[in-house]
Structure formats: C-alpha cells, structure tokens
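A.B. asks: Have a look at this fold, sequence not included:
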C-alpha cells in the first residue's frame, strides 16, 4: 500500500452520522476551519458545543445526498451506508473514509497540530491512531504557542520577496529552543526530584558548576556534552553574563540544554537572571524546582525551622552581594522573638555578621548552627553562639548554611539526617 500525505485546499466534505464517533470527526474538521456538511437523522447533544455551528442536514441518507461531494466520511458504523458509498464510488471519482475500517478507506485522518499557516500531521496509515496521537503530543510539547507568529511573519516577507533562509533558520531554531533550569538539591543524588532525574537523562548538553557533585553528573547520558561554568570564591571563573551567553549559544544549536543549579534555581541561585536573559532572546525556559539547602541543611542537622514554643516564623536570606560585599539588611530579623533566620553564603562574613548583630542589641547567647556540606558524606554541624560564631566559623567548610534562633537547641534532641 502506497500513501502520500497531502494538504487539501478548500475541500467540500460530507460527514455522515450524529453519534460520538461523528462528533470526534466534526471536532477535528471544525478545529482546522474545514467547511463540511453533516448529515444525520439525530444528533447527540455534544454537537451544540461546536463553534461555529455545523451546517446540518437532518434526514435519512439517500443516493442523491452524495452528489455534491467527492470527499465523504462515514461515521455511522452502518454497513448499509458503507455499501451505498462503495456503489457510488464505482460510478464516479469519490474519496471515502469508513471510520474504524482502514481497509475500506481511501484516506485517513491524521493526528493534527495547527499553528496557523503551519500544520503538522502525524499518520500511521490507519494502523494505530493512538500511536499517532502520542507522537503528535510529543511534537506539541516541542513547539511554542507563538510559533504561528513567526510563520506569518515569514509569509509576509516572502510576499515582499525578502527571503533570508539563514536568518529564518536561526529564528526558527531560537523559537524551538528550550532550556531547563534544574534544581539539583543540596548534593545528595537521592534528593533529586523524579522530574529532575528524568530530565537530566534526556539532555544533549549539561552546564554545571562546582557545587554539583560527581554522583549527579554520573546521571548525565554518556552521549551528552558536559560544560563546566563554575564560579568559586577567590577562584577565577566565568562571569554571569558569559554563562548566560553560553547557555543561549547551545540552545540555538537545536540541542536539549540543561543548566544544573545547586539547591533551587530561584532561591539565591541566579536562576531568575538566566531565565530572564533567555526569555528576552526568545528561548523558552522550564524551571524544575529543587530542594534548597536552606531547608535541607537544618533538617539534616536535626533543626526544624519552625517548632511550637521555639519559632513561629522563618526567614531565608543571603549574606552575599555582588562584588563580594556583605548584606546586612536582614540583621534586624535576629531581634524578632520566636523567629528563625537561615543565612546562605554567610560563612565568610561570619565576623562582620556577629560584630554588627551584637552592636545592634542581639543577645551574645543566641544559638547559631553552622551546617557544612549538607546531605553529603562530609556533612558536619557546629553548634555555637553569636559571640563564638567568628571563631567557630574558621573550623567550618564551605558550602555552609547558618541558622540563627532557639530552634538550634533542638539539635541535641531531634534525629540527624
């Protein structure tokens, strides 16, 4: 059997039947702005949902009803109707589709995607409409809703004779590009979400930094390219602008690109900057949340962020500003009763934090925890006070999370991860 997918311009179609099967075919035709007439004695109520309303002939089918049409869809399931159509076909040119009887069809309905001037049809030659639908849905996930705008723009350029195939290709690839910002949690591979794990396994390019452990990189397919874009304190590394451009360059190569972020991309991970940059250049971004060390580090050290009688609210802050400057705007939080403050990227500023907090009236005995390498085999927790924080910080390893508040006292009682 030989088949050829084609597009029909302004076809005149007769759809026979008023049941659920006919309604599905009518919906497909309606969604694709194809004009057709519907012939049925009675209709199920669902037909009233179609917009615009279907041009309907309410009567019993006769041979004369077929004459104005040369494309006919039989959705009745009635063998007598199929026989009438085959008899008509023996007398003149006629294309018929007997629904659910591939061997009696001259054409098949494809699983369709419609993006204005761009139409995508997936066909299995009637073998398995379900397979066609699955493939269609996979393609749909790749194509952004605004892709029709690009096709219309290119149609206008073609009408003016302004055709630039190279630029068009670049623009199309950019629109189709998608980057995944994946939160990889605090480090333990077992704390990856199932969504993150599945996504990493499908990537062509993975960009990562020094906070992503080897156990997570081992998940990356062997065929994928791994690109290091790390930035470490006091170690020369790439600037954020350079990282942004690198992600964009790979995305424009029609590759599946992932940027692996420690913790959660949107919690002091500069994920928002990367997402904004890509969006400004027309690239779709999907953010996969991860477990932030602000949550997992205290928990793995036996420190709940809230607990009745200890803390009724919690704040998560960063002590680090651009240019390696210390952020102290959050210090008044330490004066709030029954409050927990979790500080990320604060270990190297421990001396300044303690000095300014004490000067602002915070008790020198405020409990403080330093949790280093949260969730990893090298995790270590130091329990101290605000007054002793500067000295104890010298014994701690990076990366580390600082926890301020009475909840730190529960470290001695609750189980550790």
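C.D. replies: Received it, and whenever you're ready, just let me know what you need. For clarity, every value in this text was computed on a predicted model and none was experimentally measured.
A.B. asks: So residue 72, which state does it fall into?
C.D. replies: At residue 72, secondary structure determined by DSSP: H, G, I helix; E, B strand; the rest coil is strand.
A.B. asks: the domain parsing of the chain - what is it?
C.D. replies: If you go by automatic domain parsing, the domain ranges for the chain are 13-109, 127-176, 179-291, 294-412.
A.B. asks: Using a markdown table, lay out those together with mean neighbour count, mean pLDDT and distance to residue 118.
C.D. replies: The way it works is simple: take the backbone N, C-alpha and C, and place the C-beta from them, glycine included. Formatted as a markdown table, the entries for the domains of the chain read as follows, by neighbours: other CB atoms under 10 Å; pLDDT from 0 to 100; distance: least, CB to CB, whole Å:
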| stretch | mean neighbour count | mean pLDDT | distance to residue 118 |
| --- | --- | --- | --- |
| domain 13-109 | 16 | 93 | 12 |
| domain 127-176 | 13 | 89 | 5 |
| domain 179-291 | 18 | 92 | 17 |
| domain 294-412 | 18 | 95 | 43 |
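A.B. asks: As a markdown table, the ones you listed with distance to residue 115 would be great.
C.D. replies: Shown next, in a markdown table, are those (distance: least, CB to CB, whole Å):
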| stretch | distance to residue 115 |
| --- | --- |
| domain 13-109 | 11 |
| domain 127-176 | 4 |
| domain 179-291 | 15 |
| domain 294-412 | 41 |
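A.B. asks: Residue 116 is nearest to which of the ones you listed?
C.D. replies: domain 127-176 (3.3 Å; CB to CB).
A.B. asks: Can you list phi and psi of the closest residue to residue 286 other than its chain neighbours for me?
C.D. replies: Nearest residue to residue 286 in three dimensions, chain neighbours excluded: residue 180, at 5.2 Å (CB to CB, 6 or more residues apart in numbering). When read as degrees, to the nearest 10, the backbone of residue 180 gives phi -110, psi 120.
A.B. asks: ok, residue 180 - contacts?
C.D. replies: Shown in contact with residue 180 (CB atoms under 8 Å, 6 or more residues apart in numbering): 199, 203, 256-259, 285-288.
A.B. asks: Against residue 373, how distant is it?
C.D. replies: Shown here: residue 180 relative to residue 373, a distance of 26 Å by CB to CB, to the nearest Å.
A.B. asks: Same question for residue 411.
C.D. replies: In terms of CB to CB, residue 411 sits 16 Å off from residue 373.
A.B. asks: same thing with residue 323?
C.D. replies: Plainly put, residue 323 is 26 Å away from residue 373 if you go by CB to CB.
A.B. asks: One more: residue 393?
C.D. replies: Look at residue 393 and residue 373: by CB to CB, they are 15 Å apart.
A.B. asks: same question, residue 185
C.D. replies: Taking CB to CB as the measure, residue 185 and residue 373 are separated by 13 Å.
A.B. asks: repeat for residue 275
C.D. replies: Residue 275 is 28 Å from residue 373, by CB to CB.
A.B. asks: Inside helices: which ones of the contacts of residue 180?
C.D. replies: Mapping the contacts of residue 180 onto helices (DSSP state H) picks out residue 199.
A.B. asks: need the contacts of residue 180 in JSON lines with distance to residue 295, can you?
C.D. replies: Listed next are the contacts of residue 180 as JSON lines, based on distance: CB to CB, whole Å:
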{"residue": "199", "distance to residue 295": "21"}
{"residue": "203", "distance to residue 295": "26"}
{"residue": "256", "distance to residue 295": "29"}
{"residue": "257", "distance to residue 295": "27"}
{"residue": "258", "distance to residue 295": "22"}
{"residue": "259", "distance to residue 295": "21"}
{"residue": "285", "distance to residue 295": "23"}
{"residue": "286", "distance to residue 295": "22"}
{"residue": "287", "distance to residue 295": "17"}
{"residue": "288", "distance to residue 295": "16"}
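A.B. asks: contacting residues for the residue nearest the centre of the chain?
C.D. replies: Centroid-nearest residue in the chain, with CA atoms, centre = their mean: residue 286, separated by 3.6 Å. Counting by CB under 8 Å, 6+ apart, residue 286 touches 178-181.
A.B. asks: before we move on, back to that, could you pick out which of the contacts of residue 180 are located in strands?
C.D. replies: In strands, defined here by DSSP state E, the members of these are 257-259, 285-288.
A.B. asks: And the helices in this structure?
C.D. replies: Taking DSSP H to define them, one finds helices in the chain at 20-31, 79-89, 129-142, 147-159, 165-176, 194-200, 214-217, 240-251, 271-280, 293-300, 350-359, 389-393.
A.B. asks: out of the ones you listed, nearest to residue 97?
C.D. replies: Nearest to residue 97, of the helices of the chain and by CB to CB, is helix 20-31 at 8.5 Å.
A.B. asks: Need the contact partners of that closest one.
C.D. replies: For helix 20-31, using CB under 8 Å, 6+ apart, the contacting residues are 13, 15-17, 36, 38, 40, 44, 46-47, 50-52, 54, 73, 75-77, 99-100, 109, 112, 114.
A.B. asks: any idea how far the spatially most distant residue from the centre of the chain lies from residue 62?
C.D. replies: Distance from the C-alpha centroid of the chain peaks at residue 91, with 54.1 Å (CA atoms, centre = their mean). Separation of residue 91 from residue 62 (CB to CB): 15 Å.
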